[in-house]
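**Student:** Using only what follows, build the 3D model:
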Amino acid sequence: MSMGHRNLAAGFVLLAVGIGFAFATGQLPDRTLPDTPGPAFFPWLIAFGLIGLSAALIVHGLITTRQRGEVFSGYRLPVRGWLALGGFAAYLSLLPYAGFVLASVPFCGGLVALYGERRWVIALAAAILIPVLLFVLFSAGFQVLLPRGVWQ
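**Tutor:** Residues are numbered from 1 along each chain as shown. All right, here's what the predicted structure looks like:
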């Protein structure tokens, strides 16, 4: 599969994710304080940014394919991609029960191992430190509550 077709495929997938995220965050309440962004401000900013960048990726893919006269030759997602998608699905299903930190540790560890880190000390440190630092950053720094889970 050529780069133009890859950009088109990624653009359409990310566009669908951005639209789905926009619909999911559309029901967030508005803040009643004047001149302050409400809880929906950052999710809407992310959604519109993702939708805009996805549209740009689609346009770039269309231009690249048309200029080069590329023909779709068939493409399969590599095994590593399927493992990452399966791990992400498992992570999303585990998140409401285990909470952000407990669900993110095996997910980050799996991604670190999946993408080639063979030193177990580095993989284990990354698997633990990344979720903990993200949790501290979002909860203490941004005052954003992350899922705690029913098991905690």
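**Student:** what about the longest helix anywhere in the chain, average pLDDT?
**Tutor:** The longest helix of the chain (DSSP state H) is helix 79-114. Averaged over helix 79-114, pLDDT sits at 86.
**Student:** Can you name every helix or strand that it contacts?
**Tutor:** Applying 3 or more Cβ pairs under 8 Å, 6 or more residues apart in numbering; DSSP states H and E, we find helix 79-114 packed against helix 120-136. Bear in mind the C-beta positions are built from the backbone N, C-alpha and C, glycine included.
**Student:** so how far is the helix it packs on from its chain's centroid?
**Tutor:** Its chain's C-alpha centre and that of helix 120-136 lie 18 Å apart, by Cα atoms, centre = their mean, to the nearest Å.
**Student:** How about stretch 7-25?
**Tutor:** 11 Å.
**Student:** Please apply the same query to stretch 12-29.
**Tutor:** Put simply, stretch 12-29 sits 12 Å off its chain's centre (Cα atoms, centre = their mean).
**Student:** Only the buried residues of it, if you could.
**Tutor:** Leu14, Leu15, Gly18, Phe21, Ala22, Thr25 (16 or more other Cβ atoms under 10 Å).
**Student:** which residues of the chain score low on pLDDT?
**Tutor:** Across the chain, residues meeting the criterion (pLDDT under 70) sit at 1, 28-39, 68-77, 151-152.
**Student:** Domain ranges for it, per the record?
**Tutor:** 1-75, 77-143 (automatic domain parsing).
**Student:** ok now the last one, how far from the chain's centre?
**Tutor:** Between the mean C-alpha point of domain 77-143 and the mean C-alpha point of its chain there is a distance of 12 Å (Cα atoms, centre = their mean).
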